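1. fold the following.
(one chain, ligands or ions: 2)
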Amino acid sequence: METDNQIFHEPRAYDSIDLWKDVTPEQWNDAAWQMKHSIRSVEQLKKVIKLSAFQASEIERTLAALRSQGKEPLRITPYYATLMDSDPFHPIMPMGEKPKKRLDPIFWQSVPTPANLLFPDTGVEGAMAEGSRSYGAAYQRYPNRLALFVAENTSCASYCVHCQRAKSLDGSVDVSRTEVDKGLFYIGSNRNINEVLVTGGDALMISRSRLQYILEELSRIPHLRAIRIATRVPVVLPMAITDELLDLIEISANRYNNGAEKYVYFMTHINHYHEITKDLAVAVKKIRKHGFTIRNQTVLLNHVNDYYKTLAETFRRMFWIGIHPYYLLQCHKERGIVHFITPVQVGKIYMKHLQGWISGVTMPRYAANVEGGGGKVLLMPSGHDTFNVGSNNEDQISESYATVTTWDGKELFNYEALGRATREEFEAAVKVMDEFIGRKGVFLPKVILVDQDGKHIETTNRLKLPIIEKLKKSALLGYDLFDNEMPITNPAEITNRLDEQFRNSKYSKQQ
Ligand SMILES: *Cc1c(COP(=O)(O)O)cnc(C)c1O
Ligand code: SF4
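-> Numbering: from 1, shown residues only. Ligands and ions are numbered 1, 2, ... in the order given. Below you'll find the predicted structure:
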């Protein structure tokens with residue numbers, strides 16, 4: 001039912017774009033060239049995608065405001081930019097998404113819009129009141145594993161607008177050698193730590209010498225078993241995945257190892273099937289040839305991938321090219337990205353209705369990262385979401401407050417996933433974005449409206465929950481239909497027909 005060209009998103013031909021019409025294939029496929037020619041200004045952006053003068057000036061205004069907050073807001077590799085529609089305000093969305101209601105998903109993820117300056121009051125999430133959990137560059141919230149932050153400079157190849165660590169958009173982030181050494185020292189001194197997440201920014205954007213140093217030092221630690229490398233490079237700069245880099249990782253991670261071999265895993269960050277291209281597949285194949293497994297974290301993003309079919313395509317296509325979906329993460333509540341948050345209830349409904357319809361191995365775990373040391377809390381969908389009699393997840397609109405319990409039994413009351421705004425703020429925000437986009441019905445932030453006293457009134461844009469009927473699911477997922485508008489799930493029901501076809505098939509003729 002799926003054909004080859006439905007697996008891969010087709011980027012625009014770079015030589016059809018004015019800015020790069022004279023670029024040679026050698027240059028294009030050179031990661032250093034890509035980095036040097038990354039889009040950093042609206043002037044460059046205008047030469048790649050269609051923007052009205054007003055849209056360009058609004059993006060400029062946004063960038064200036066973000067820069068004045070010390071952020072580095074815009075950086076897009078030429079490669080990643082070619083995944084964007086030439087007219088991102090009127091994208092071609094062939095997979096059944098309503099283009100009238102959409103902006104290009106790569107545009108949303110990589111170009112700051114005036115929405116980043118809206119909704120200044122995110123409201124409390126109900127963070128766990130806790131102090132630091134770091135020693136040097138090591139950040140620990142679980143007994144056996146920790147994150148090691150290794151970023152040098154602002155080391156991401158492309159900047160994600162929705163970045164959950166707004167820090168990495170911050171030009172000042174730079175983890176010193178001493179901090180890294182303290183982290184390494186701590187890992188070596190705590191024999192419970194059998195797994196390290198090497199993360200940045202982007203772990204593959206640091207210098208080769210630092211990467212080699214960190215991996216070699218990790219290789220010396222006898223109790224360490226697995227190293228997870230967190231990177232978006234395969235997605236935004238696949239040409240940087242070279243055999244030379246992979247050799248370095250493979251050799252360094254076990255260079256001074258005496259005990260059991262240390263396994264390396266890559267953790268990627270794919271949010272939309274438009275990021276799944278032939279170039280990504282080539283990079284994935286190289287990584288896997290070196291013996292590394294790749295798992296992916298998707299962030300559930302309103303306006304980008306909060307749609308049944310989009311999630312299904314994203315998960316199953318990545319699996320088809322060798323990436324295992326691992327987490328679907330609730331978008332973190334952070335100033336400037338409130339419009340990207342989807343209600344937990346909606347995410348749960350999507351996940352519940354994907355179960356069975358796509359393979360179990362292509363289903364990630366839906367989780368939220370709870371601030372202040374809570375760690376990840378599972379928000380799994382389930383066919384068992386009510387005890388005794390009562391309502392279940394889909395009966396009514398919940399307001400998304402919940403008590404969450406962490407893995408170590410801490411309880412967090414009134415965990416609130418959505419941002420807050422007054423009605424005036426909300427209406428003004430929608431007006432700003434409708435003008436920017438040039439039409440209504442595209443910018444649909446889900447925020448909790450509160451009155452002057454902070455009391456809850458209603459949640460916007462979610463008067464209707466997604467109702468996903470059988471028929472629609474079959475069609476959305478591209479299945480051939482049989483009886484009752486369902487795909488075949490039991491061949492015994494059509495034995496007679498199959499027998500006849502079998503008699504005429506090559507299997508019968510062979511005998
Ligand atoms: C996500 C995370 C981990 C890894 O958790 P898993 O559930 O094993 O993927 C470890 N440490 C920190 C600080 C994290 O945020
Ligand atoms: S690659 Fe990761 S760390 Fe870097 S900007 Fe994107 S989400 Fe943030």
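
2. show me what from the protein comes close to ligand 2.
-> 156, 159-160, 163, 165, 168, 200-202, 232, 269 (Cβ under 6 Å from any ligand atom). Quick note: C-beta positions are derived from backbone N, CA and C, even for glycine.

3. how about 8 Å then?
-> 155-160, 162-165, 168-169, 199-202, 230-232, 236, 269, 299 (Cβ under 8 Å from any ligand atom).

4. which members of these are positioned in strands?
-> Members of the residues of the chain next to ligand 2 lying in strands (criterion: DSSP state E): 199, 230, 299.

5. neighbours of the residue nearest to the first one when sequence neighbours are not counted, how many?
-> Excluding its sequence neighbours, the residue lying closest to Thr199 (Cβ to Cβ, 6 or more residues apart in numbering) is Ala230, at 4.0 Å. A count of neighbours around Ala230, defined by other Cβ atoms under 10 Å, yields 22.

6. quick one: low-confidence ranges for the stretch 351-500 of the chain?
-> 388-390, 396-400, 463-466, 469-471 (pLDDT under 70).

7. which residue does it have closest to ligand 2?
-> Asn369 (12.7 Å; Cβ to the nearest ligand atom).

8. before we move on, back to that, so the residue nearest to Thr199 is in contact with Gly200, correct?
-> Yes - Ala230 lies in contact with Gly200 (Cβ atoms under 8 Å); the separation is 6.9 Å.

9. skipping its backbone neighbours, what lies nearest the residue of the stretch 251-400 of the chain found nearest ligand 1 in space?
-> Using Cβ to the nearest ligand atom, the single residue of the stretch 251-400 of the chain nearest to ligand 1 is Lys376, 5.2 Å away. Spatial nearest neighbour of Lys376, excluding adjacent residues (Cβ to Cβ, 6+ apart): Ala367 at 4.4 Å.

10. tell me the secondary structure at the one you found.
-> In terms of secondary structure, Ala367 is strand; the call rests on DSSP: H, G, I helix; E, B strand; the rest coil.

11. give me the number of residues near it?
-> By other Cβ under 10 Å, the burial measure for Ala367, its neighbour count, is 18.

12. in the sheet, who's paired with it?
-> Counting by DSSP bridges, Ala367 forms beta bridges with Leu329, Leu378.

13. need the contact list for it.
-> Ala367 makes contact with 327-330, 376-379 under the criterion Cβ atoms under 8 Å, 6 or more residues apart in numbering.

14. now swap in Ile49 and tell me
-> 81, 84-88, 107.

15. wait, isn't Met380 in contact with Gly347?
-> No - look at Met380 against Gly347 with Cβ under 8 Å: they stay out of range, at 10.3 Å.

16. quick one: which of these two has more around it?
-> Remark: of Met380 and Gly347, Gly347 carries more neighbours, 22 against 14, as counted by other Cβ under 10 Å.

17. am I right that that one is in contact with Leu379?
-> Yes - counting by Cβ under 8 Å, Gly347 touches Leu379, with 6.7 Å between them.

18. mutual contacts of those two, please.
-> Contact with both Gly347 and Leu379 is made by residues 330, 366, according to Cβ under 8 Å, 6+ apart.

19. what touches both of Met380 and Gly347?
-> Common contacts of Met380 and Gly347 (Cβ under 8 Å, 6+ apart): Tyr366.

20. residues in contact with Phe266?
-> 228-229, 231, 234, 287, 292-295.

21. now do the buried residues in stretch 377-396.
-> Residues of stretch 377-396 classed as buried: 377, 379, 381, 393-394 (neighbour count, 16 or more other Cβ atoms under 10 Å).

22. may I ask which two of those residues are separated the most?
-> Val377 and Glu394 (20.8 Å; Cβ to Cβ).

23. and the residue of the stretch 51-200 of the chain closest to ligand 1?
-> Ala147 (4.2 Å).

24. is it true that Val42 touches Ile59?
-> Yes - using Cβ under 8 Å as the test, Val42 is close enough to Ile59 to be in contact (5.3 Å).

25. overlap in contacts of those two?
-> Joint contacts of Val42 and Ile59 (Cβ under 8 Å, 6+ apart) are Leu51.

26. who's more crowded, those two?
-> Higher neighbour count among Val42 and Ile59: Ile59, with 23 against 20, using other Cβ under 10 Å.

27. so the more buried one is in contact with Val111, correct?
-> Yes - look at Ile59 against Val111 with Cβ under 8 Å: they come within range, at 6.4 Å.

28. give me the common contacts of the two.
-> Contact with both Ile59 and Val111 is made by residues Leu45, according to Cβ under 8 Å, 6+ apart.

29. returning to what we had before: quick check: beta-bridge partners of the residue nearest to Thr199?
-> Taking DSSP bridges, one obtains Met267 as the residues bridged to Ala230.

30. tell me who's in contact with it.
-> 197-200, 202-203, 267, 269.

31. how close does Trp20 sit to ligand 2?
-> Trp20 sits 23 Å away from ligand 2, going by Cβ to the nearest ligand atom, to the nearest Å.

32. what would the buried residues of stretch 377-396 look like in a markdown table with distance to Lys410?
-> Shown next, in a markdown table, are the buried residues of stretch 377-396 (distance: Cβ to Cβ, whole Å):
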| residue | distance to Lys410 |
| --- | --- |
| Val377 | 10 |
| Leu379 | 16 |
| Pro381 | 23 |
| Asn393 | 24 |
| Glu394 | 29 |
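
33. give me the low-pLDDT residue ranges for the stretch 51-200 of the chain?
-> 95, 123-130, 153-154, 164-173.

34. can you show me the helices along it?
-> Residue ranges of the helices in the stretch 51-200 of the chain, as given by DSSP state H, counting those that start in this stretch, are 53-68, 78-81, 105-110, 177-189.

35. residues contacting the residue of the stretch 51-200 of the chain closest to ligand 1?
-> 138-140, 196-197, 199.

36. out of the residues you listed, give me the two with the largest separation.
-> Checking these with Cβ to Cβ, the most distant pair is Gln140 and Thr199, at 12.9 Å.

37. how far away is the residue in the stretch 401-511 of the chain positioned nearest to ligand 1 from Leu148?
-> The minimum distance from the stretch 401-511 of the chain to ligand 1, using Cβ to the nearest ligand atom, falls at Trp407 (8.5 Å). Distance of Trp407 to Leu148, computed by Cβ to Cβ, to the nearest Å: 20 Å.

38. wait, isn't Thr406 in contact with Gly375?
-> Yes - using Cβ under 8 Å, Thr406 is in contact with Gly375, at 5.7 Å.

39. the closest residue in space to His272 that isn't next to it in sequence: neighbour count?
-> The shortest distance from His272 to any non-neighbouring residue, by Cβ to Cβ, 6+ apart, is to Pro105 (4.2 Å). Each residue near Pro105 was counted by other Cβ under 10 Å, and the total is 28.

40. repeat that for the one 5 residues further on.
-> Ser110 is flanked by 25 other residues according to other Cβ under 10 Å.

41. same question for Leu74.
-> By other Cβ under 10 Å, the residues close to Leu74 number 24.

42. quick one: residues contacting it.
-> By Cβ under 8 Å, 6+ apart, the neighbours of Leu74 are 39-41, 45, 63, 111-112, 159.

43. which one of those residues is nearest to ligand 2?
-> So of the contacts of Leu74, ranked by how close each gets to ligand 2 (Cβ to the nearest ligand atom), first place is Tyr159, at 4.8 Å.

44. coming back round to it: the contacts of Leu74, buried ones only, as a PyMOL selection?
-> Of the contacts of Leu74, the buried ones can be selected in PyMOL as follows, counting by 16+ other Cβ under 10 Å:
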select buried, resi 39+45+63+111+112+159
